[in-house]
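K.L.:
Turn this into a structure:
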Amino acid sequence: MKDENSKNLSKIVEPEASWKTLGVFFGLAFVWTWAFMIPAVTFVPENLRIFLIIFAAFGPFFAAMVTIRIFEGKEKLRGWLRMIFRFKIPWYLYLAGAFAIPILIGALQYLTYRVLGGNPDPGSAEPWYMYLFALIPTMLLTGGNEEPGWRGYALPVLNKLTTPLLAGLILGVVHSLWHLPLMRDYQTNIFWYAFNLIPLTFLFNWFYQKSRGSIWPVMLFHAGTNVIGSFIPAPLNLPEIWNDFIALRGIVYWLMAIVLIVVTWKNWFGDVKDKALDQ
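P.N.:
Residues are numbered from 1 along each chain as shown. Next comes the predicted model:
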């Protein structure tokens, strides 16, 4: 009976797949986010900027809810929300998203930094007992809260419209462009930002497919990648070796994404629309 109910729930909450609805979702996500983000980075005082950035970060989630409500109705929206915010999933998915994968990424970034000749400052690391105090607010307010839109809605739709490999590329490019107003604050340009985010998108997508339809592990993973650099310090760039735009994180993300795709090659082609919903 439990399996039957799970299958029925999957059929009810599965987002409608069309380029039209996906376009509406992307449009709403950009409009909502940029309406808050552009004022935040142009004329709002820096000490008040965070409040607008928090509202901006909810853009993809807001866009997903509105898109489902318009095209599929209130009941579908409720079912989708119940599915993506399910807590009853294996405990190790929470640990992997919150700790194991971000710490692995941080360690690889640090190792790459040292191999390339970087000279770290251990005293700049935040104490580890502060990790959860950084992770949880980032998950709920300034990073992880994007994931109900990107992974909870856009990824399942894209997986039905194309292959998971192309879905990752499309979502990585769109997600990068969505951050465009922040390039000056990030002290980079959109090319190098996409260099970082596109491979990371493949990692996020793969982890969501393993999360059994719940968005919580991916929200933790997203937040973990945002904060881990404060606990395992390794500067993003090595200007003394190359130039200002060589992004250390991007090198690590691309290596991880390539290894993941090679090892799980068959999962990146064909119709995998039901995998994230398997119970």
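K.L.:
give me the low-pLDDT residue ranges for the stretch 1-150 of the chain?
P.N.:
1-12 (pLDDT under 70).
K.L.:
Apply 80 and report the result again.
P.N.:
Applying pLDDT under 80 to the stretch 1-150 of the chain flags the ranges 1-14, 116-123.
K.L.:
One more: the stretch 151-279 of the chain?
P.N.:
Applying pLDDT under 80 to the stretch 151-279 of the chain flags residues 234-247, 270-279.
K.L.:
repeat that for 50
P.N.:
Confidence mapping of the stretch 151-279 of the chain against pLDDT under 50 gives the ranges 242-245, 272-279.
K.L.:
can you pull the contacts of the nearest residue to residue 76 once chain neighbours are set aside?
P.N.:
Sequence neighbours aside, residue 68 is the residue nearest to residue 76 in space, at 5.8 Å (criterion: CB to CB, 6 or more residues apart in numbering). All C-beta atoms are positioned from the backbone trio N, CA, C, and that covers glycine. By CB atoms under 8 Å, 6 or more residues apart in numbering, the contact list for residue 68 reads 15, 16, 76, 77, 80, 153.
K.L.:
mind giving me a markdown table with these and columns for distance to residue 266 and neighbour count?
P.N.:
A markdown table is the format used below for the contacts of residue 68 (distance: CB to CB, whole Å; neighbours: other CB atoms under 10 Å):
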| residue | distance to residue 266 | neighbour count |
| --- | --- | --- |
| 15 | 24 | 23 |
| 16 | 27 | 14 |
| 76 | 31 | 17 |
| 77 | 33 | 18 |
| 80 | 28 | 24 |
| 153 | 25 | 26 |
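K.L.:
just those residues now: which is nearest residue 228?
P.N.:
Nearest to residue 228 among the contacts of residue 68 is residue 153, at 26.0 Å by CB to CB.
K.L.:
Tell me the gap between the longest helix belonging to the chain and the middle of its chain.
P.N.:
Taking DSSP state H as the criterion, the chain has its longest helix at helix 19-42. Helix 19-42 sits 16 Å away from the centroid of its parent chain (CA atoms, centre = their mean, to the nearest Å).
K.L.:
Going by neighbour count, list what's buried in whichever helix or strand comes after it.
P.N.:
Going down the chain from helix 19-42, the next helix or strand is helix 49-57, by DSSP states H and E. Of the residues in helix 49-57, those buried by neighbour count under the rule 16 or more other CB atoms under 10 Å are 52, 53, 54, 55, 56, 57.
K.L.:
farthest-separated two in those?
P.N.:
For these, the farthest-apart pair by CB to CB is 52 and 57; their separation is 9.8 Å.
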